[in-house]
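Chemist: A predicted structure for the sequence below; I have some questions about it.
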Amino acid sequence: MKIGTILRVLAAVALLGSCATPKVAYFQDVQPGTPEQILNRLDIRVRPEDKISIVVNSKDPLLMELFNLPTVSRQVGSGSSSSSANSQGLSGYTVDKSGNIDFPVLGAVYVAGMTREEIAAYIKEELMEKNLVKDPIVTVEFQNLTVSVLGEVSNPGRYNIDKDRLSLLEAISMAGDLTVYGKRDNVMVQREENGKKVLYQVDLNSGLDLYASPVYYLQQNDIIYVEPNSMKARQATVNGNNIRSASFWLSLASLLVTVTVLIVK
């Protein structure tokens with residue numbers, strides 16, 4: 001009788017330790033090899049308070065110096081000069097509230113709502129039309145554009161946007177994918193539109209839902225939140241411990257020892 005009771009307690013402990021939700025496959029309603037259309041192919045467009053770098057290259061080095069901001073040296077490390085190093089970085093243009101940047105010689109240039117390619121093409125055209133540079137090559141890069149990934153992902157945090165299009169899947173991939181406790185059918189994306197916060201819901205189990213979503217391609221300052229599933233909620237105890245915490249297992253081991261002693265007596 002005593003042995004049977006102990007075995008039942010041990011079985012319960014093993015069952016608790018094995019409670020984990022298996023990962024659910026993405027795109028369950030999409031067949032391999034079947035092309036699906038992405039409805040909202042949004043490029044990243046510059047907004048006020050964004051920071052961009054603009055580099056003008058030319059055969060004439062004097063003109064390059066005239067139209068390019070100085071390179072900034074940033075000290076890395078501390079202490080004596082022998083233990084520190086300098087890293088080179090490009091200065092950037094911050095888009096003001098009116099959507100302009102102050103570009104050398106050209107003055108105020110309106111860039112809000114433009115993509116990187118459009119800004120580069122516009123500045124190149126202006127330089128050539130005003131006979132300032134005959135053969136300019138203009139390169140535009142993002143500097144402070146980010147998205148944030150929160151909730152049940154492996155590495156929550158803020159991630160840089162370094163391309164014209166960043167998909168929701170790419171952002172989740174940068175955060176290490178969802179944990180086994182993340183709700184794949186209820187991923188939320190918060191976006192600012194016309195001065196208001198708008199919340200979108202995406203079901204990653206459905207490829208059709210994902211491809212049709214307005215947030216398939218992200219915009220700067222989007223916030224992705226992955227809600228914990230019911231399994232994670234059930235694991236939480238009154239004092240905040242769960243089955244993966246050391247304190248939980250210590251408490252459970254103490255309880256098991258107490259029960260065993262009582263049974264033996």
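Modeler: That came in fine, so what should we check first?
Chemist: tell me the SS of residue 125?
Modeler: Here residue 125 is recorded as helix under DSSP: H, G, I helix; E, B strand; the rest coil.
Chemist: state the number of residues packed around it.
Modeler: By the criterion of other C-beta atoms under 10 Å, residue 125 has 12 neighbours. In this view, the C-beta of every residue, glycine as well, is placed from N, C-alpha and C.
Chemist: residue 109 versus that one, what's the distance?
Modeler: 11 Å (C-beta to C-beta, to the nearest Å).
Chemist: how about residue 62?
Modeler: Using C-beta to C-beta, residue 62 is found at 22 Å from residue 109.
Chemist: quick check on these two: which one has the bigger neighbour count.
Modeler: More neighbours surround residue 109 than the other of residue 62 and residue 109, with 18 against 7 (other C-beta under 10 Å).
Chemist: so that one is in which element?
Modeler: Residue 109 is part of strand 107-110, with elements assigned from DSSP states H and E.
Chemist: repeat for residue 132
Modeler: Assigned by DSSP H and E, residue 132 belongs to no helix or strand.
Chemist: thought it was touching residue 105?
Modeler: Yes. Taking C-beta atoms under 8 Å as the definition, residue 132 is a contact partner of residue 105 at 6.2 Å.
Chemist: more neighbours: which of these two?
Modeler: residue 132 (17 against 12).
Chemist: for that one, give me its contacts.
Modeler: For residue 132, the contact set (C-beta atoms under 8 Å, 6 or more residues apart in numbering) comprises 63, 67, 105-106, 126.
Chemist: re earlier: shared neighbours of residue 132 and residue 105, anything?
Modeler: What both residue 132 and residue 105 touch, as defined by C-beta under 8 Å, 6+ apart, is the set residue 67.
Chemist: now residue 50, nearest residue through space, not along the chain?
Modeler: Leaving aside its chain neighbours, residue 50 sits nearest to residue 95 (4.9 Å; criterion: C-beta to C-beta, 6 or more residues apart in numbering).
Chemist: what residues does that neighbour make contact with?
Modeler: Residue 95 touches 46-52, 101, 111-112, counting by C-beta under 8 Å, 6+ apart.
Chemist: just the ones of these in strands?
Modeler: 51-52, 101 (DSSP state E).
Chemist: which residues does the one helix or strand residue 225 maps to contact?
Modeler: Assigned by DSSP H and E, residue 225 falls within strand 223-228. The contact list for strand 223-228, computed with C-beta under 8 Å, 6+ apart, reads 147-153, 168, 171-172, 175, 178, 181-183, 186-191, 218.
Chemist: which of the residues you listed fall within helices?
Modeler: Counting by DSSP state H, the contacts of strand 223-228 place 168, 171-172 in helices.
Chemist: which one of these is nearest residue 209?
Modeler: The shortest approach to residue 209 among those belongs to residue 168, at 11.3 Å (C-beta to C-beta).
Chemist: quick revisit: pull out the buried positions in the strand holding residue 225.
Modeler: 223-227 (16 or more other C-beta atoms under 10 Å).
Chemist: equivalent analysis for stretch 47-62, please.
Modeler: For stretch 47-62, by 16+ other C-beta under 10 Å, it's 47, 50-54, 56, 58.
Chemist: could I get the ones in strands among the contacts of residue 95 in JSON lines, plus columns for distance to residue 159?
Modeler: JSON lines is the format used below for those (distance: C-beta to C-beta, whole Å):
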{"residue": "51", "distance to residue 159": "16"}
{"residue": "52", "distance to residue 159": "18"}
{"residue": "101", "distance to residue 159": "25"}
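Chemist: residue 154 versus the residue lying closest to residue 212 once chain neighbours are set aside, what's the distance?
Modeler: Spatially, and ignoring its direct neighbours in sequence, residue 212 is nearest to residue 39 (5.1 Å; C-beta to C-beta, 6+ apart). Separation of residue 39 from residue 154 (C-beta to C-beta) stands at 29 Å.
Chemist: equivalent analysis for residue 57, please.
Modeler: From residue 57 over to residue 154 (counting by C-beta to C-beta), the distance is 40 Å.
Chemist: hmm, back to that, tell me the buried residues within the contacts of residue 132.
Modeler: Among the contacts of residue 132, those classed as buried by 16+ other C-beta under 10 Å are 63, 67, 126.
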